[in-house]
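>>> Would you be able to build a 3D model of this:
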Amino acid sequence: MEVVGKIESCTELQRYIDFAKYVDMLDTSNLFLSRVSCFEDQLEGGLTPSYIMVSNGMANLLSQIVCSMPSATKPTPEEVEKQTIQRRKLEDEYENRTYNTVFGSFKHDEVEYETVFKQHRHWVDVSCWHANKSESMAMWKIYGGSTNSVCVVTDVEHLKNAVICLPEYNLVLSPVHYISHDDEPFKEYHGLAPLMHKSDFYAFENEVRLMAYKPSAKLLSTRPEGDRGTIVKVNLNTLVREVRVAHDAPEWFFQLVDSVTKKFGVGAPVVRSKMRKLPMFSL
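Now for the predicted structure:
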């Protein structure tokens, strides 16, 4: 597994899920990574102006213009020769430009750059985790979805060690950077950089994502509609460090989660969400 960006091994990761998904994970020892195109966020995988300019060759054309501009003083023969060599190099790079991706390289005269990057949304799968030392009410409500939900707690090191890698897939773990795509450049440069950045509208998610892709996949082909993602096997006792039950869940549900967790042989403690605490009025 490749780890990209600055993220400490001890960083706590949380996944808020409903009870049905939790039982499915226990029953199958599977972690499901959903294809990006299935996400509600339609801005996923979007590019920035600077990234577009480099990708479509516009930055190269601007460099050619600058290289061809007349000098305020008469250049020496050596300077003329150097400028000519530089201009021809830029022209050659422009005419032979390719789009290099984790799925291979594509020539500009075979496919538009927009298509190449849009297709990543269909061929890269993601498992989303919330990085935080404390719980998040927003995450409980949005991703837990009800009083009968749980939060699976792990950390970066245990997630890395728990995943049983598939030989035909590459796995990448990266924190998400939140930016204004109109005004800011990417903060991480990688073949999957567009999927390591999200709109700052979603900054509250503080996401760390596990991504999976098959390098041999035909990026420009249509992925079957029924193929909604990738399933990876995990060692549950390595992955799960703690299970937190929603603070407003009834007692019978807490006991059920505790019982089911033990029946599947997971030794992690099952506890109540810390949001169950009563307010403090005196010492």
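>>> and the helix or strand hosting residue 230, how far from the chain's centre?
Taking DSSP states H and E as the definition, residue 230 sits inside strand 229-234. On the basis of CA atoms, centre = their mean, to the nearest Å, strand 229-234 sits 15 Å off its chain's mean C-alpha point.
>>> what do you get for stretch 176-187?
Distance of stretch 176-187 from the chain centroid (CA atoms, centre = their mean) equals 14 Å.
>>> Would you mind extracting the C-alpha trace of that stretch into PDB?
The C-alpha atoms that make up stretch 176-187 are tabulated as PDB, following Å, rounded to 0.1, in the frame of the first residue of the first chain:
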ATOM      1  CA  VAL A 176      -7.800  14.800   1.400                       C
ATOM      2  CA  HIS A 177      -6.800  18.400   0.800                       C
ATOM      3  CA  TYR A 178      -9.700  20.900   0.800                       C
ATOM      4  CA  ILE A 179      -9.300  23.700  -1.700                       C
ATOM      5  CA  SER A 180     -11.200  26.300  -3.800                       C
ATOM      6  CA  HIS A 181     -10.700  24.800  -7.200                       C
ATOM      7  CA  ASP A 182     -11.200  28.100  -8.900                       C
ATOM      8  CA  ASP A 183      -8.400  29.900  -7.000                       C
ATOM      9  CA  GLU A 184      -5.900  27.300  -5.600                       C
ATOM     10  CA  PRO A 185      -3.600  24.800  -7.100                       C
ATOM     11  CA  PHE A 186      -3.300  21.200  -6.000                       C
ATOM     12  CA  LYS A 187      -1.300  20.700  -2.900                       C
END
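>>> What are the buried residues along it?
Judged by neighbour count using 16 or more other CB atoms under 10 Å, the buried positions of stretch 176-187 are 176-179, 181, 186. Quick note: C-beta positions are derived from backbone N, CA and C, even for glycine.
>>> Could I get the average pLDDT for that stretch?
Looking at stretch 176-187 alone, the average pLDDT works out to 92.
>>> If residue 170 is in a bridge, with which residues?
Legend: beta-bridge partners of residue 170 under DSSP bridges are residue 213.
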